[in-house]
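1. The sequence and its predicted three-dimensional model are supplied below.
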2 protein chains.
Amino acid sequence: MDAVILFTPLAGVFALIFVGVLAWWVIKQDPGTARMQEIASFIQEGANTFLRREFRTIAYFMVGLAVLLYILMPKDSHVEIAVGFIVGALLSMLAITIGMNVAIRANVRTAQAARTMPGKALTIAFRGGGAMGLTIVAFNLLGISILSILFGVGPDNPERVSMLVGFGLGASLSSLFAQLGGGIFTKAADVGADLVGKVEVGIPEDDPRNAAVIADLVGDNVGDCAGRGADLFESGSDNLVATMIMGLAFMNPIGDFPGYGFNAILFPLLTRSIGAVGAVLGVMVVRGSGKRNPMASLNLGFLSTGIFSLGAFFLLANYVMHDMRLFWCLCLGLFGALASALIVQYYTGSGARPVQEIAEAATSGPGVNIIIGMAYGFESAVLPKILIALINVAAYMIMGGGVVGFFGIAAATLGITEMKGIIMAGDAFGPIADNAGGIAQMSGIGEEVGRSADVLDAAGNITKAITKGYSMSTALMTSVVILFTYITEISRHLNMPLTEVVYNPKFALVTPINITGIMIGSTIPFLFSAQAIRAVGRTAYKVVEEVRRQFREIPGLLEGKADADYARCVDIATRESLKGMILPTMWAVVFPVAMGLIFGVWALAAFLIGVKIIGATLAMFMFNSGGAWDNAKKFIEDGNLGGKGSDTHRSAVIGDTVGDPLKDTAGPSLHILIKLQNILAITLLPLFLEHGIQW
Amino acid sequence: MDAVILFTPLAGVFALIFVGVLAWWVIKQDPGTARMQEIASFIQEGANTFLRREFRTIAYFMVGLAVLLYILMPKDSHVEIAVGFIVGALLSMLAITIGMNVAIRANVRTAQAARTMPGKALTIAFRGGGAMGLTIVAFNLLGISILSILFGVGPDNPERVSMLVGFGLGASLSSLFAQLGGGIFTKAADVGADLVGKVEVGIPEDDPRNAAVIADLVGDNVGDCAGRGADLFESGSDNLVATMIMGLAFMNPIGDFPGYGFNAILFPLLTRSIGAVGAVLGVMVVRGSGKRNPMASLNLGFLSTGIFSLGAFFLLANYVMHDMRLFWCLCLGLFGALASALIVQYYTGSGARPVQEIAEAATSGPGVNIIIGMAYGFESAVLPKILIALINVAAYMIMGGGVVGFFGIAAATLGITEMKGIIMAGDAFGPIADNAGGIAQMSGIGEEVGRSADVLDAAGNITKAITKGYSMSTALMTSVVILFTYITEISRHLNMPLTEVVYNPKFALVTPINITGIMIGSTIPFLFSAQAIRAVGRTAYKVVEEVRRQFREIPGLLEGKADADYARCVDIATRESLKGMILPTMWAVVFPVAMGLIFGVWALAAFLIGVKIIGATLAMFMFNSGGAWDNAKKFIEDGNLGGKGSDTHRSAVIGDTVGDPLKDTAGPSLHILIKLQNILAITLLPLFLEHGIQW
């Protein structure tokens, strides 16, 4: 078994080494003309300045909260939880810093390659994204396995695994900040740049005369790239930590279930390690050529990872866990990842009916465009959620029902999250391609890059849609597993058999107290989204004012004779978005604490169910309506229904503006929210048990 | 006690007689010039044609379902349930036909009065609306009390009260059709008329050259007036039926609770009868004068009803129920009605920050206007829901907790719904004032009416906002009570003590099956809204095409030399909206049936919780964002931020268009949906118990 334990940190190191190789390979590519390098350096500087200031803000909160945890947590674990909390936050920040910096360097090189070797452009963009994906997976694995060793988790002291919850909480909270801060920045800069540039002044996208254009490109990196990285770092660590802690409940026999022993705790680490190796394989396989359709190449990458994982899962279930039912649960997860990606592609892909109908609706004006987009957005949440619900039931039944069914659901979730590395590579590919296009435009080589940038862009849109469908499903499934972990932790703390906890009268679905819990919980995603969206609106307003001011006050700017002050726009967007990320995060923390103290640990579970179920649905609506409006606009820009510059196009642009903060700010933050509050509840459980009012 | 029983039908008859008096009084007012009468007759004809065709469509479904119920229901009650089902549907249709026809006659007379005696215009509009409110309350009371007598409900056969569920189901289903059909019609005609008239051709609102303008005015009657009436008829009957059936569980002692005897079943009937008498009083008090602010007069009406009810509640609790705790629960309900109306006024009133900020956002274009409106819409769902949750907890605690607490929550709900009659009068007032304005515009007396129409319109907007806040809270509270009724019915059918049912392991909150139930349930409101909104979009598209065709093909129309073919627009909107109402209703029925059969009666409760909690939140979002966009537009039209015709105004109009189908089609239908599915579950419970898979 010792050899098995070593597999995890080794897989982490292996992934990390591969990140180094990717970074080295990307950097040695041709960075293009002097003008391109100058623009890239602006972006790089802006993005790193943003991250530095963002991390400083986050650090204040994290240190304060670490001290609070140290004071409030039980004396047998308060050091470990506070330390884990800090390590989780630090690793999250470090992972996205590394990932983003590789991606930024890949941007300009992708643009350059697009001029000469379109096939190579795909490879550079994908490898740049791969560095982000693998950094995250590697840091997840290394952080958790090293902390486990430091905390002395082992067959003799398995219960020490519960100290890892601090790591999960630190990672979640820091990621929520990063996702929100980056998400507000990117959309405010985007909306701000478009509103003045395209609409008021009538200059093209990414025109160097627009003062917000660098902020916009910086936003793609700190929002779409770093923000998404934070999202995935969070879900990766929460999922691992939660299933490991939950494993505690399945070490020993329950009824006629014999128990997995210490393997119950190792199982999640091993599946994730398989995922890491599979992702390396997948990234290596993707390689563009001038002739092939880029999607064919990307699909080959996904497929390689999938097949490798299936084989490894079989070995793991059969030879380590000695329970083939787990293999079927893992497969169920893989199937869920695939199916939900397909559903999202239907609702947001430009070939299918929804986007077509939304685009046609734009011929009747922006109002109808938005109405039809909302309608499809609402509808798009239906199938994926029913799918996840049925996967849960199926996994539960494969394990024969009862509380052992929880472990089956956890296994299915591990199956679905296991594709993380390769999917993240595909996702980071999108913003890199986007940025490459922007840099080309600003450097005046837009014409040369033309067609091959479009091909990359189209591929990027598909991978983005896949990631979104995927990340929604993983977030919802993970959030259910974390709820189970919460329940197993109640059982452990109260020294009450798990069955007694699950079927406890206090957990009755239909008591007024629990219904109240669900009801209050269900308001949280709405409150949170409202604040996040409003922060985008307010920040965008500030950016708009600044761009207008520069056009007004800098003589010769509109004629292209003077330079815009890009740094000021970046600075304003940074300041406002950091301000905007604080309030929603505060509420996200305050509400579950208040619920745990006033309504106790049982109703808190009901609250958490309310949060996650409404949060996931809302996030799906936001992602898909946003994506569909975006693609309806692109469909029109491709020359359909009047094409660029027509009234129909203007209507579609308005729909896209509405969708932007939904799909790139509020939506992804909701993913983090629905898990963060749960992991917070697990962390503070001892506190709530001691001081909360138990109804 | 016999005297007490008679109070209910007498109160119903009293209210009905008063409806006759109001109708007589309205009709004897001056109907204005020949042109005004002609236009009014167009509207009247269009609205009645719509209702006739709508009712014909509904009748097919109702007869088919009544036959199904007769076949499927247990033999000891199948006749009563099928008959009750038909009676409920018929009374619902009859009530809204009467109410709408009085309202239509009040429109033109209000317009005429506005020319000469502004104070009287208020009185006419309010009494016209009062007829709708009182018809609904009267038919609720009469239908249920007469059926109770026919079914032989009495102290000796209390359990026969459960047969009333057929009445509730018939009323709900027919109301859902009516609300949806009318809601789709009104918004499609509205959007269609505006899109071509205001935006494309550039003629003012309600201009007679616009072929859709009569359809638009018809829509105000069949959607806002008849549709809202259907909504309230449904919630009135569901609430009464559900609390009466629930009363069965509280007749006999539970633990140290002594039981209310047959009074437990009479209690809801008595509170509603008090409400009927109070509403008559309130409507009588409201009387406009030329000098007074109309809101002062309306407030006096609300206040009179409230004070009368408080006194009567005290007597009821003390002398009939012999339990003063019920008085406090009833008061809690009244307080909830007040508080939620205030919250909605903050979020949608033009004086407060949200509408101001939404209007200001319109200066940055339609996109930002919509984004900020959505954000406030999301936020607006938070406080009312927490408020309702806390009222539930408070009522539960007043009764000392445990299952007896359920009865306290039911009492609070009766307290909140009791204001129905007077509130509905205020709500129907809005469309009457609206229509009066439209008729004045079309008859060329717009100038004369001018200022006094504006005053009425402003008062109408406030009453609308109040109704919406109120109806959201009642819908959510009622839906919780109906859930409790479902649970008491499980207890009765299984012959299992209520406590054993509530704390049954099968009702555990955190089992995968129940979580699946909540998850699937939570998708229903999204599916339903998507279809309702899309139906508006599609119908509007057809209307737009027709109006464009008429401008193209009828020579001299734009110059005002030829008449538009209004009837054709009405016909098209009618046909399409009746088509549009069927699909969502089908899904609303099919899903709970499938859940009950596949997942059994326990998980069905979880499903219902998912439906109502997400449905209520979504409805709040829709109502309030829609209302806020509307008022932001009006705020700009009042000359702020550039006023009518400015770019800012155009942006705000787009926001208003987006809000229309949300606040007037999908939102109100969700209210019905969240209760309909529950009453359906209660009706089919014997079927599910026998044939469903119980996990």
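-> Sure thing, it's come through.
2. Residue of the stretch 51-200 of chain A closest to chain B, please.
-> residue A:195 (5.9 Å; Cβ to the nearest Cβ). Any C-beta I mention is one placed from the backbone N, CA and C, and that applies to glycine too.
3. just checking, that residue touches residue B:365?
-> Yes. Contact between residue A:195 and residue B:365 holds when scored by Cβ atoms under 8 Å: they sit 5.9 Å apart.
4. about what we covered before: in what helix or strand does the closest residue in space to the residue of the stretch 51-200 of chain A closest to chain B that isn't next to it in sequence lie?
-> Leaving aside its sequence neighbours, residue A:195 sits nearest to residue A:544 (Cβ to Cβ, 6 or more residues apart in numbering or on different chains; 5.4 Å). Using DSSP states H and E, the element containing residue A:544 is helix A:512-553.
5. Quick check: next helix or strand after that helix?
-> Following helix A:512-553 in sequence, per DSSP H and E, is helix A:566-598.
6. Next secondary structure element downstream of that next one?
-> Assigned by DSSP H and E, the successor of helix A:566-598 is helix A:600-637.
7. and the angle from that following helix to helix B:512-553?
-> Angle of helix A:600-637 versus helix B:512-553, following axes from the mean of the first three to the mean of the last three Cα atoms, to 10 degrees, is 30 degrees.
8. Rounded mean pLDDT for the helix or strand just after helix A:600-637, please.
-> Sequence order places helix A:647-661 as the next helix or strand after helix A:600-637, per DSSP H and E. For helix A:647-661, mean pLDDT is 92.
9. so what does helix A:647-661 touch, helix or strand wise?
-> helix A:165-194, helix A:353-361, helix A:366-380, helix A:512-553, helix A:600-637, helix B:366-380 (3 or more Cβ pairs under 8 Å, 6 or more residues apart in numbering or on different chains; DSSP states H and E).
10. burial measure for residue A:457, as a count.
-> For residue A:457, the number of neighbouring residues by other Cβ atoms under 10 Å in any protein chain shown comes to 15.
11. And residue A:695, by the same measure?
-> 19.
12. Residue A:597 now?
-> Using other Cβ under 10 Å, residue A:597 is surrounded by 15 other residues.
13. Check the secondary structure at residue A:140 for me.
-> helix (DSSP: H, G, I helix; E, B strand; the rest coil).
14. nearest residue to it other than its sequence neighbours?
-> Using Cβ to Cβ, 6+ apart, the closest residue to residue A:140 is residue A:236 (4.3 Å).
15. Surely the residue nearest to residue A:195 is in contact with residue A:194?
-> No. Contact criterion Cβ under 8 Å: residue A:544 and residue A:194 do not qualify, at 9.7 Å.
16. ok, now how distant is the residue of the stretch 51-200 of chain A closest to chain B from residue B:373?
-> Separation of residue A:195 from residue B:373 (Cβ to Cβ, to the nearest Å) stands at 17 Å.
17. Pick out whichever of these two has more residues nearby.
-> More neighbours surround residue B:373 than the other of residue A:195 and residue B:373, with 33 against 23 (other Cβ under 10 Å).
18. residues touching the more buried one, list them.
-> Going by Cβ atoms under 8 Å, 6 or more residues apart in numbering or on different chains, residue B:373 touches B:358, B:361, B:625, B:628-629, B:632, B:655, B:658-659.
19. Report the contact partners of the single nearest residue of the stretch 201-350 of chain A relative to chain B.
-> Distances between the stretch 201-350 of chain A and chain B by Cβ to the nearest Cβ are smallest at residue A:347, namely 10.7 Å. Neighbour list for residue A:347: A:354, A:376-377, A:379-380, A:624, A:627-628 [criterion: Cβ under 8 Å, 6+ apart].
20. Can you pick out the most distant pair from these?
-> Greatest spatial distance in these: A:379 and A:627, 13.5 Å, computed using Cβ to Cβ.
21. more neighbours, these two?
-> The neighbour count for residue A:379 versus residue A:627, taken as other Cβ under 10 Å, is higher for residue A:627 (30 against 23).
22. Quick check: the more buried one touching residue A:662?
-> No. Applying Cβ under 8 Å, one finds residue A:627 not in contact with residue A:662, separated by 9.5 Å.
23. And the pLDDT at the closest residue to residue A:372 other than its chain neighbours?
-> Using Cβ to Cβ, 6+ apart and skipping residues adjacent in sequence, the residue nearest residue A:372 is residue A:361, 4.1 Å away. pLDDT for residue A:361: 92.
24. cool, the one 3 residues further on as well?
-> Residue A:364 is assigned 86 on the pLDDT scale.
25. go on, residue A:195?
-> 80.
26. what's near enough to touch it?
-> Here residue A:195 is in contact with A:540, A:544, A:657, B:364-365, B:367-368 (Cβ under 8 Å, 6+ apart).
27. Check residue A:648 too.
-> A:359, A:362-363, A:636, A:641-642.
28. and what of residue A:83?
-> residue A:166.
29. repeat for residue A:505
-> Counted by Cβ under 8 Å, 6+ apart, residue A:505 has contacts residue B:503.
30. Over to it: give its phi and psi.
-> Backbone torsions for residue A:505, taken as degrees, to the nearest 10, come to phi -50, psi -30.
31. how far away is it from residue A:37?
-> 68 Å.
32. repeat for residue A:154
-> Counting by Cβ to Cβ, the gap from residue A:154 to residue A:37 is 51 Å.
33. Next, the residue minimising distance to the centre of chain A: secondary structure please.
-> In chain A, the centroid-proximal residue (Cα atoms, centre = their mean) is residue A:231; its distance is 3.0 Å. Using three-state DSSP, the structure places residue A:231 in helix.
34. near chain B, which residues of the stretch 301-450 of chain A show up?
-> A:361, A:364-368, A:370-372, A:374-379, A:381-382, A:385-386, A:388-390, A:392-393, A:396, A:405-406, A:409 (Cβ under 8 Å from any Cβ of the partner chain).
35. I'd guessed the residue nearest to residue A:140 sits against residue A:271; true?
-> No. If you go by Cβ under 8 Å, residue A:236 and residue A:271 don't touch, sitting 11.7 Å apart.
36. Pick out whichever of the two has more residues nearby.
-> For residue A:236 and residue A:271, the more surrounded residue by other Cβ under 10 Å is residue A:236, and the numbers stand at 29 against 26.
37. any idea how far the more buried one lies from residue B:620?
-> Residue A:236 is 35 Å from residue B:620, where distance means Cβ to Cβ.
38. Show me how far the strand or helix carrying residue A:137 is from its chain's centre.
-> If you go by DSSP H and E, residue A:137 is part of helix A:118-150. Relative to its parent chain, helix A:118-150 has a centroid offset of 14 Å by Cα atoms, centre = their mean, to the nearest Å.
39. still on that earlier bit, just curious, which of the contacts of residue A:347 is nearest to residue B:321?
-> Ranked by distance to residue B:321 (Cβ to Cβ), the contacts of residue A:347 are led by residue A:379 at 46.8 Å.
40. The closest one and residue B:525 touch, don't they?
-> No. Using Cβ under 8 Å, residue A:379 is not in contact with residue B:525; the gap is 11.2 Å.
41. tell me, what's touching the two both at once?
-> Between them, residue A:379 and residue B:525 share no contacting residue, judged by Cβ under 8 Å, 6+ apart.
42. and the next element down the chain from the helix ranked longest in chain A?
-> Scanning chain A for the helix with the most residues, using DSSP state H, yields helix A:446-494. Counting by DSSP H and E, the next helix or strand C-terminal to helix A:446-494 is helix A:498-502.
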